[in-house]
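**Q** only geometry, no sequence info:
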């Protein structure tokens, strides 16, 4: 299957200070590999992780690579951005612990070509004078409250998602369903800002594949699309959960066929009502199945 950027479903994290692990991640079938410079890297390995990641991104890898930099309000983020933001192999920057639109704007300006700390004119992954695509991680209560402001902060921002481990700790939530209101709010914020649906946060137990499948089904029902992973064995479970089922495809094909044959049709032969929104949803289902 040729995967395009339109519908990435799997985002596999790999620690930036372990180049061999990153190389394996690039070859295991993930739609996007996220090289982590933050939580997965010990303090005494940060500099090495940064240098190794910059070297990796000298040329475009075989799979889109995003880099999660260190906390924006800490001492390491500026060096991370300077090292990787202008690299031709970078497909996106993931910004941890974002709590305001101003942070997004500041990073967007810093990483624009020719901007302070950014790439020189004519260089950079995005081209045409723009910086790399940005993705904001919302990891505490304030971030969730500011979800729409963050999601609509700057054209360079292409997505928002939740960092659930930090958010759960911040809120003191014990049951997984206690995060559903926050999840729904971020899904709505992304849609309102014209962004793609958020991907789910990681499922931390790499052995619990049944739990992962059930969690993905729940996330899909809330409006998420795809999921971050921390081990290759999670990838097929996530993809299977988020790709349309045979029944969903059959129903979508029926709706689109009816609308094509009779643009004024308001009901299918079995009596189900259809309108423009139903047809649009059916077309999205078919496009997702084709991953284009």
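**A** Happy to help now that I have it. Keep in mind that this is a model prediction, so the values were computed, not measured.

**Q** so how far is stretch 247-263 off the chain centroid?
**A** Here stretch 247-263 is found 29 Å from its chain centre; the criterion is C-alpha atoms, centre = their mean, to the nearest Å.

**Q** kindly report the same for stretch 285-292.
**A** For stretch 285-292, the separation from the chain centroid amounts to 17 Å (computed by C-alpha atoms, centre = their mean).

**Q** stretch 280-292 now?
**A** Centre-to-centre, stretch 280-292 and its host chain are 18 Å apart (C-alpha atoms, centre = their mean).

**Q** poorly predicted segments of the stretch 1-150 of the chain, please.
**A** 1-6, 113-129 (pLDDT under 70).

**Q** quick one: the strands in the chain?
**A** Counting by DSSP state E, one finds strands in the chain at the ranges 10-15, 32-36, 65-68, 90-95, 134-138, 157-162, 227-229.

**Q** residue nearest the centroid of this structure?
**A** Nearest to the mean C-alpha position of the chain, counting by C-alpha atoms, centre = their mean, stands residue 199 at 5.1 Å.

**Q** does it touch residue 162 like I think?
**A** No - with contact defined as C-beta atoms under 8 Å, residue 199 does not count as touching residue 162 (9.3 Å). C-beta: built from backbone N, CA, C; applies to glycine.

**Q** what is the burial count for residue 204?
**A** Taking other C-beta atoms under 10 Å as the neighbour definition, residue 204 ends up with a count of 10.

**Q** in stretch 142-161, what counts as buried?
**A** By neighbour count on 16 or more other C-beta atoms under 10 Å, the buried set for stretch 142-161 is 143-144, 146-148, 150-154, 156-161.

**Q** now it, how far from the centre of its chain.
**A** For stretch 142-161, the distance between its averaged C-alpha position and the chain's averaged C-alpha position is 13 Å (C-alpha atoms, centre = their mean).

**Q** and for that stretch, what's in contact with it?
**A** Contacts of stretch 142-161 from elsewhere in the structure, counted by C-beta atoms under 8 Å, 6 or more residues apart in numbering, are 92, 97-102, 104-105, 108, 111-112, 126, 130-138, 162, 167, 182, 185-186, 188-190, 192-196, 198-201, 228.

**Q** so what's residue 80 up against?
**A** Under the criterion of C-beta under 8 Å, 6+ apart, the contact list for residue 80 reads 37, 50, 67, 69-70.

**Q** wait, I meant residue 248
**A** With contacts defined as C-beta under 8 Å, 6+ apart, residue 248 is in contact with residue 285.

**Q** for residue 180, see how far away it is.
**A** Relative to residue 180, residue 248 is positioned 23 Å away (C-beta to C-beta, to the nearest Å).

**Q** over to residue 89?
**A** According to C-beta to C-beta, residue 89 stands 37 Å off from residue 180.

**Q** between those two, who's got more neighbours?
**A** Here residue 89 and residue 180 are set side by side on neighbour count (other C-beta under 10 Å), and the busier one is residue 89, at 18 against 15.

**Q** show me what contacts residue 200?
**A** 161, 215-216, 219, 224, 226-228.

**Q** tell me how many other residues surround the nearest residue to residue 285 once chain neighbours are set aside.
**A** Ranked by C-beta to C-beta, 6 or more residues apart in numbering and with sequence neighbours excluded, the top spatial neighbour of residue 285 is residue 252, at 4.0 Å. Applying other C-beta under 10 Å, we find 22 other residues in the vicinity of residue 252.

**Q** then the one 3 residues further on?
**A** By other C-beta under 10 Å, 22 other residues sit near residue 255.

**Q** where in the stretch 151-292 of the chain is pLDDT low?
**A** Across the stretch 151-292 of the chain, the stretches falling below the confidence threshold (pLDDT under 70) are 262, 264-265, 292.

**Q** 90 - rerun?
**A** 251-282, 288-292 (pLDDT under 90).

**Q** show me where it has helices.
**A** Counting by DSSP state H, counting those that start in this stretch, one finds helices in the stretch 151-292 of the chain at the ranges 164-171, 180-192, 209-222, 235-242, 246-261, 276-290.

**Q** quick one, the second one and strand 157-162 angle?
**A** What that stands for is helix 180-192. Orientation of helix 180-192 against strand 157-162 (axes from the mean of the first three to the mean of the last three C-alpha atoms, to 10 degrees) gives an angle of 170 degrees.

**Q** for helix 180-192, packing partners?
**A** helix 141-145, helix 147-151, strand 157-162, helix 209-222 (3 or more C-beta pairs under 8 Å, 6 or more residues apart in numbering; DSSP states H and E).
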